[in-house]
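Chemist: the following block contains a protein sequence and its predicted model.
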Amino acid sequence: VQLQASGGGLVQTGGSLTLSCAASGRTFSNYRMAWFRQPPGKEREFVAGIRWNGGGTDYADSVKGRFTISRDNAKNTVYLQMNSLKPEDTAVYYCRATSINGQYIYWGQGTQVTVSS
C-alpha cells in the first residue's frame, strides 16, 4: 500500500484544516486506517483511528471533540477534519494503514501542520 498525505499548512489558533491520505496498491477497504502525529522534539503519537468499514472510530483524549476521522473506500481516502486547532497540535501528521490481521503496516510520508498562537 502506498499512502500519500496532504492538506497540512499554517493556521491560526481556533482554525480548521482537513488532512487527506490517498491510498493505492492494495484493497483499501481491507485496512484499518489511522492518523498519528509527531510534535517537534517528541515521540510519534496516536491521534485517531477508523475501522475498515468506517463503523468504529477512536481518538486520543487530546483531540476528542475537535478532530473527526472518516474514510471513503470508493475513493481510497481517509480524512482527518481538525477543528479548534491549538498550538500544541503543531506536528507532522502521518497516516498509517494496518491490515485486518495486523500483519502489514504502511506509513505515509507525513504532512506538516503548524498552528500559530
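Modeler: Done, it's in.

Chemist: the residue nearest the centre of the chain and Ser117, how far apart?
Modeler: Per Cα atoms, centre = their mean, the C-alpha nearest to the average position across the chain is that of Trp35, at 2.8 Å. In this view, Trp35 and Ser117 are 23 Å apart by Cβ to Cβ, to the nearest Å. To be clear about C-beta, it is placed using only N, CA and C from the backbone, and glycine gets the same treatment.

Chemist: before we move on, what about Thr90?
Modeler: 10 Å.

Chemist: quick revisit: quickly list what the residue nearest to the centre of the chain is bridged to.
Modeler: Residues found in beta-bridge contact with Trp35 (criterion: DSSP bridges) are Ala48, Cys95.

Chemist: quick check: Ser24 touching Gln2?
Modeler: Yes. Taking Cβ atoms under 8 Å as the contact criterion, Ser24 and Gln2 are neighbours in contact, 5.0 Å apart.

Chemist: I figured the residue nearest to the centre of the chain hits Gln81, correct?
Modeler: No. Under the criterion of Cβ under 8 Å, Trp35 is not in contact with Gln81, lying 10.7 Å apart.

Chemist: common neighbours of those two, please.
Modeler: Common contact partners of Trp35 and Gln81 (Cβ atoms under 8 Å, 6 or more residues apart in numbering): Ile69.

Chemist: once you drop chain neighbours, what's closest to Tyr79?
Modeler: Nearest non-adjacent residue to Tyr79, counting by Cβ to Cβ, 6 or more residues apart in numbering: Ser70, 5.0 Å away.
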